[in-house]
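Asker: Need coordinates for the following:
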Amino acid sequence: MHLARTFRARTAESGVALLISLFALLLICVVGIALIMASGTDSALTGNYHSATSVYYAALAGLEEGRGRMLAKSANYLPTALALPAGSLPAPGQVWYILNPLPGETVAPWDLSTPTTYPDTEYAQESGGIPPPTSSPAMLSTNSVYVPPTTQQVLPGPIYKWVRINAVTVGSALANGVNVNPNVTLQGTPVLYANGHLYADAVPGGVQALEITSLAAMPNGSQRILQYVVAPITLGLSFPAALTLDGNGVNYTGSTGFTVTGIDSQSNNPVAAPSCTPNAPPVAAVGYTNGPDGTSILAAIPTPGAGYTGAPQYNAGPSGTTPNVGLVTMPPSWQTPATLNALVQTIAQNADVNIPAANTPATPSIFPPTMSPTNPVTVVVNGDLSVSNWAQTGYGVLVVTGNLSFGPHDSWDGIVLAIGKGTLSTTSPSVSGNVYGAVVLATTVDGSGNPLPTLGAPTIMMTGGGNSIYYSSCWINYVQSPLSYKILSFREIPQS
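Answerer: Below you'll find the model as predicted:
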């Protein structure tokens, strides 16, 4: 009886383990499916994030390439690609594009009728349309478009499709929600940057603000448009005289053949400053920055001193009969050793050539071979520079902290700053050595190179005869290419 009951109980419980196993297997399957779905969702989210991040940084890379190629130091400098003078900017109504198509792909942002060519609908909304590209750089004019080439690289670059560079105008600012000046209604009026603000009317020292816009696209169709508003940042140097002696006391030795003029002029060399007509008001031939120095300078200039001409307000007699020497005012950044040394450091940080201090004077071998009238350079010599028997012309900004001497046939077109020991000399008989631009001498250190509390006495010794310094606004402005393009704003443009 006991065995029968046990057998019947076991028979009643048969199959329970199978059911439990099936339920457990079903539960595991449900959890597995949930994990697979979660993993798929995570993969999709990761893919979307990767795609969004990649296209964002690709567009950002396009912005930075456009900003970088506006600097003269770039190997792919845009004005050079456009056969334009250094420092050129897109005029209001002009558009410069950098194209970056894949092999076999067509990128034509001006073609608004074909979505596959990545049309620039954003600029079309600002301007009312985009004209087709011109056939040559020489045809650049208002409302024209030219597409400069992009240098091919061995490794594939960012996947942006195009970069557009154009001047900011009142119309484009309004389209972007920026009302720069409610009193200016002409939408083609350029927008200028000065004193940390944007202006739609004339402002002293204002520079043209630019838009740099980049479109990037992924193979999956994801696109992103980003935009900078930038402004060129330059040294902004201006000069009250062809030769400025900045300091307290002046050691001046002239000669009958030494000519200085503050009347604006171009170079008499074969190549003048490109695309410029000298039309600036005259400045002093020789300017000094404190009162008593004028007497010593005038005493050092041989009579009749007809080689010193410039602004009429500095002439005491008929033009050409009295040396044009006068007291001038320098901006605050030129008035103390600390501010002048800071100016030298700023220039050195952005120089094409920066020569460290040495026991022997530097020679013209330091000048880069690429230096030319269309490619001016910035050279900083932390020490002495002796230019002799070079018989050539340099172009750009030359800064020397030690003693600077020129030879009989050595010339410079641009800006010469002898800031440090503040000495300039030419002792060899000279025939054709000229400076077109401006020269400034300032003594900020003592004989041992220690900083002075106040400016010392600059020294100029021109005893060779035949040397000349000609004020040239064209060369002064031409060689001051932007040090950088400051980012004023950054935004993502929604795509319609």
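Asker: And stretch 331-339, end to end?
Answerer: Distance across stretch 331-339, first residue to last, is 10 Å (C-alpha to C-alpha, to the nearest Å).
Asker: What are the contacting residues of that stretch?
Answerer: 238, 246, 289, 340, 342-343, 440, 442, 444-445, 451-455 (C-beta atoms under 8 Å, 6 or more residues apart in numbering). No exception for glycine: its C-beta is placed from N, CA and C like everyone else's.
Asker: So which residues of the stretch 201-350 of the chain form helices?
Answerer: 293-300, 337-349 (DSSP state H, counting those that start in this stretch).
Asker: Using ChimeraX, define a selection of the buried residues within the contacts of stretch 331-339.
Answerer: This is how ChimeraX selects the buried members of those, with burial counted by 16 or more other C-beta atoms under 10 Å:
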select :246,289,340,343,440,442,444,445,452,455
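Asker: re earlier: mean pLDDT lowest for which of the helices of the stretch 201-350 of the chain?
Answerer: Lowest mean pLDDT within the helices of the stretch 201-350 of the chain: helix 293-300, at a mean of 61.
Asker: Give me the next element, helix or strand, following the biggest helix by length in the chain.
Answerer: Taking DSSP state H as the criterion, the chain has its longest helix at helix 16-68. Remark: after helix 16-68, the chain's next helix or strand is helix 78-81, criterion DSSP states H and E.
Asker: Show me the shaky parts of the stretch 101-250 of the chain.
Answerer: 127-157, 173-187 (pLDDT under 70).
Asker: if we go to 90?
Answerer: 101-117, 119-160, 167-208, 218-223, 232-238, 245-250 (pLDDT under 90).
Asker: ok, back up a step: who does the longest helix of the chain touch, helix- and strand-wise?
Answerer: strand 95-99, strand 160-167, strand 210-217, strand 223-233 (3 or more C-beta pairs under 8 Å, 6 or more residues apart in numbering; DSSP states H and E).
Asker: Residue 488: which of those is closest?
Answerer: strand 223-233 (4.6 Å; C-beta to C-beta).
Asker: Run the chain-centre distance for that closest one.
Answerer: 15 Å (C-alpha atoms, centre = their mean, to the nearest Å).
Asker: Which elements pack onto that strand?
Answerer: Strand 223-233 packs on helix 16-68, strand 207-208, strand 210-217, strand 484-492, going by 3+ C-beta pairs under 8 Å, 6+ apart.
Asker: Give me the residues contacting that strand.
Answerer: 52, 55-56, 58-60, 62-63, 67, 70, 89, 122, 168, 193, 207-217, 482-493, 495.
Asker: For residue 416, give the beta-bridge partners.
Answerer: residue 398, residue 439 (DSSP bridges).
Asker: picking that back up, could you redo the helices and strands packed on helix 16-68 as JSON lines and give each row distance to residue 410 and mean neighbour count?
Answerer: Output for the helices and strands packed on helix 16-68, formatted as JSON lines (distance: least, C-beta to C-beta, whole Å; neighbours: other C-beta atoms under 10 Å):
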{"stretch": "strand 95-99", "distance to residue 410": "38", "mean neighbour count": "23"}
{"stretch": "strand 160-167", "distance to residue 410": "38", "mean neighbour count": "25"}
{"stretch": "strand 210-217", "distance to residue 410": "38", "mean neighbour count": "26"}
{"stretch": "strand 223-233", "distance to residue 410": "31", "mean neighbour count": "21"}
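Asker: Mind putting the ones you listed into TSV with distance to residue 188?
Answerer: Shown next, in TSV, are those (distance: least, C-beta to C-beta, whole Å):
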stretch	distance to residue 188
strand 95-99	14
strand 160-167	10
strand 210-217	14
strand 223-233	17
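Asker: Straight-line length of stretch 438-454, end to end?
Answerer: Counting by C-alpha to C-alpha, you get 23 Å between the two ends of stretch 438-454.
Asker: as a whole number, average confidence for it?
Answerer: For stretch 438-454, the per-residue pLDDT averages 89.
Asker: now, among the contacts of stretch 331-339, which is nearest to residue 276?
Answerer: Using C-beta to C-beta, the contacts of stretch 331-339 come closest to residue 276 at residue 238, 15.6 Å.
Asker: what residues are up against the closest one?
Answerer: With C-beta under 8 Å, 6+ apart, residue 238 has these contacts: 331, 476.
Asker: For residue 415, see how far away it is.
Answerer: Computed as C-beta to C-beta, to the nearest Å, the residue 238 to residue 415 distance reads 11 Å.
Asker: Now do the shared contacts for these two.
Answerer: Shared contacts of residue 238 and residue 415, counting by C-beta under 8 Å, 6+ apart, come down to residue 476.
Asker: Kindly report the domain assignment for the chain.
Answerer: In the domain annotation for the chain, the residue ranges read 66-234+483-492, 241-478 (automatic domain parsing).
Asker: winner for burial among those domains?
Answerer: Most buried of those by mean neighbour count (mean count of other C-beta atoms under 10 Å) is domain 241-478; its value is a mean of 19.
Asker: Work out the gap between that one and the centre of the chain.
Answerer: Using C-alpha atoms, centre = their mean, the offset of domain 241-478 from its chain centre is 24 Å.
Asker: so the longest helix of the chain versus strand 484-492, what angle?
Answerer: Interaxial angle, helix 16-68 versus strand 484-492 (axes from the mean of the first three to the mean of the last three C-alpha atoms, to 10 degrees): 140 degrees.
Asker: tell me the mean pLDDT over helix 16-68?
Answerer: Helix 16-68 comes out at a mean pLDDT of 79.
Asker: returning to what we had before: can you redo the helices and strands packed on strand 223-233 as CSV, where the extra columns are distance to residue 224?
Answerer: Shown next, in CSV, are the helices and strands packed on strand 223-233 (distance: least, C-beta to C-beta, whole Å):
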stretch, distance to residue 224
helix 16-68, 4
strand 207-208, 27
strand 210-217, 5
strand 484-492, 7
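Asker: Nearest spatial neighbour of residue 107, chain-adjacent residues omitted?
Answerer: Nearest-residue entry for residue 107: residue 101, 4.2 Å, with adjacent residues in sequence omitted and distances by C-beta to C-beta, 6 or more residues apart in numbering.
Asker: Just to check, that neighbour is in contact with residue 117?
Answerer: No. Under the criterion of C-beta atoms under 8 Å, residue 101 makes no contact with residue 117, lying 9.3 Å away.
Asker: and for the two, which residues touch both?
Answerer: residue 107.
Asker: that older thread, can I get the domains of the chain in TSV including distance to residue 35?
Answerer: Shown next, in TSV, are these (distance: least, C-beta to C-beta, whole Å):
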stretch	distance to residue 35
domain 66-234+483-492	26
domain 241-478	56
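Asker: Select, out of the ones you listed, the one closest to residue 19.
Answerer: domain 66-234+483-492 (47.6 Å).
Asker: how far away is residue 215 from residue 204?
Answerer: The value you get for residue 215 to residue 204, if C-beta to C-beta is used, is 36 Å.
Asker: How about residue 122?
Answerer: Residue 122 is 32 Å from residue 204, by C-beta to C-beta.
Asker: Equivalent analysis for residue 219, please.
Answerer: The value you get for residue 219 to residue 204, if C-beta to C-beta is used, is 50 Å.
Asker: hey, where'd the strands end up in the stretch 251-400 of the chain?
Answerer: 251-253, 259-261, 284-288, 308-309, 325-327, 353-355, 377-381, 385-387, 393-400 (DSSP state E, counting those that start in this stretch).
Asker: what's the last one in contact with?
Answerer: When you say that, I think you mean strand 393-400. Counting by C-beta under 8 Å, 6+ apart, 235, 269, 344, 347-348, 351-352, 364, 367, 371-373, 375-381, 383-385, 410-420, 479-480 sit against strand 393-400.
Asker: For that strand, output the C-alpha coordinates as PDB.
Answerer: Backbone C-alpha positions of strand 393-400 (Å, rounded to 0.1, in the frame of the first residue of the first chain) are rendered in PDB as follows:
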ATOM      1  CA  THR A 393      66.100  94.800 -51.500                       C
ATOM      2  CA  GLY A 394      64.300  93.300 -48.500                       C
ATOM      3  CA  TYR A 395      60.500  93.400 -48.200                       C
ATOM      4  CA  GLY A 396      58.500  93.300 -45.000                       C
ATOM      5  CA  VAL A 397      59.000  94.100 -41.300                       C
ATOM      6  CA  LEU A 398      62.500  94.100 -40.000                       C
ATOM      7  CA  VAL A 399      63.100  94.300 -36.200                       C
ATOM      8  CA  VAL A 400      66.600  94.500 -34.800                       C
END
